[in-house]
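1. Okay, predicted coordinates and the sequence, questions at the end:
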Amino acid sequence: MKFWFATTALGAMFIGQILGGVTYAQELPQFSAPLDCVNGPECFVQNLTDLDPTTGRLDPMCGQATYDGHKGTDIRVRSFQEMNRGVNVLAMADGIVLRVRDGVADKLVETKADFAAVKGAECGNGVVIDHSSAGYKGWSSQICHMKNGSVNVKSGDTIHRGQKIGQVGLSGSTQFPHVHVTVRKDGQVRDLLTNSKLGDGCAGRSLDNLFSKTAWSDIVSRNQPLIDAGFANGPVNGKTLLRNEVVPPTTNTPLVFYAKFINLKKGDEVLLEVRSEDGVYAASQGKPLTKHQATYTAFAGRKIPGKAGKTYLGSVKLIRAGEVEFQKDGIEIRF
């Protein structure tokens, strides 16, 4: 009896603890969600603002969910498939459009040549909005990486909170479908989750949240580490899932269960199990992570096909500091 078990990883960040501790100051903006994650697919917070003034990195929650010099918050969708269906990008408050760029191709940036090709247009297709007219004097928002051809506003337009301004894309310097959101006060970058300034570091950070309570509820408080799980006819990796290239298993192929996570911590362990009425079909337990991982994909399976007329149930656990941090059961496939 041969079992498959493996993990693949990409990057080295985690989102940290983003719940609790924040406040809502009345004199500060209350920005709405930049994506329609209620009527559209699930959205996930991937990267936060880097508050470390050195060449290191430190997110506003004292974690590693950022990279050196990152000046905003990245909110993603799961895959190319969801991006292609169309996920609306929304104005976060009333305002006047200052600048617009469209016409940058949607392309996954993977090589040095890819990065060089978007130099000077790293934001891709984007919009900058001045929110002074909404009573947020000196505040502006910039939203990047929208889908080529989707931007539907122009410089000088008056827009309203929640108004569609484009769709999620893969333009500019991007490695997954998302929007990068930067807010500024009098030209100075502020972190959306805490109103901290670049260089504040963890000890000097503010905890005045700039998201509205509704936005916090719709996106941030729902954030979870598992973004995808299911069955395939063989081993998978993160890019296979991102590109929707997973081939479902049949009774003539191997049966593999996979799970994809974002923002795991050093020391985390991922446990996978597949069961049928006959008992455990396949299982795996990854070794504790040796570093933070921005994206992490694990799978477990066997070369023996599943049997016709049977149901197979996948379950996944994330173990953190010896405790179950996250668990999902009952992921089903029936032949």
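-> Received it, and whenever you're ready, just let me know what you need.
2. Report the beta-bridge partners for Ser276.
-> Assessed by DSSP bridges, Ser276 has beta-bridge partners Gly279.
3. Same check on Lys328?
-> When bridges are called by DSSP bridges, Lys328 pairs up with Val316.
4. Arg57 is in contact with Asp68, correct?
-> Yes: the criterion here is CB atoms under 8 Å, and Asp68 meets it with Arg57 at 5.0 Å. Backbone N, C-alpha and C define where each C-beta goes, glycine included.
5. These two: which is more packed in?
-> Comparing Asp68 with Arg57 by neighbour count (other CB atoms under 10 Å), the higher total belongs to Arg57, at 20 against 11.
6. That one touches Leu48, doesn't it?
-> No: here Arg57 does not reach Leu48: they are 9.7 Å apart, not a contact under CB under 8 Å.
7. between these two, what contacts are shared?
-> Thr66, His70 (CB atoms under 8 Å, 6 or more residues apart in numbering).
8. didn't Gly201 look like it was pressed against Leu51?
-> Yes: in terms of CB under 8 Å, Gly201 counts as a neighbour of Leu51; the distance is 5.5 Å.
9. so what sits against both of the two?
-> When contacts are counted by CB under 8 Å, 6+ apart, Gly201 and Leu51 have Leu58 as shared neighbours.
10. next SSE after the helix or strand bottoming out on mean pLDDT in the chain?
-> One helix or strand of the chain scores below all others by mean pLDDT, DSSP states H and E: strand 3-10, with a mean of 44. Under the assignment DSSP states H and E, the closest C-terminal helix or strand after strand 3-10 is strand 44-45.
11. contact partners of that following strand?
-> Applying CB under 8 Å, 6+ apart, the external contacts of strand 44-45 come out as 15, 18, 73-78, 219-220, 223-224, 227, 262.
12. what does stretch 49-59 give?
-> With CB under 8 Å, 6+ apart as the test, stretch 49-59 has contacts from 13, 15-16, 48, 60, 64-73, 189, 191-193, 196-202, 205.
13. Show me just the buried residues among those.
-> Buried residues within these, counting neighbours by 16 or more other CB atoms under 10 Å: 13, 15-16, 48, 60, 64-66, 70-73, 189, 191-193, 196-198, 200-201, 205.
14. ranges for the strands of the stretch 51-200 of the chain?
-> Remark: strands assigned in the stretch 51-200 of the chain by DSSP state E, counting those that start in this stretch are 73-76, 88-90, 95-101, 125-130, 139-146, 158-159, 164-167, 178-185, 188-190.
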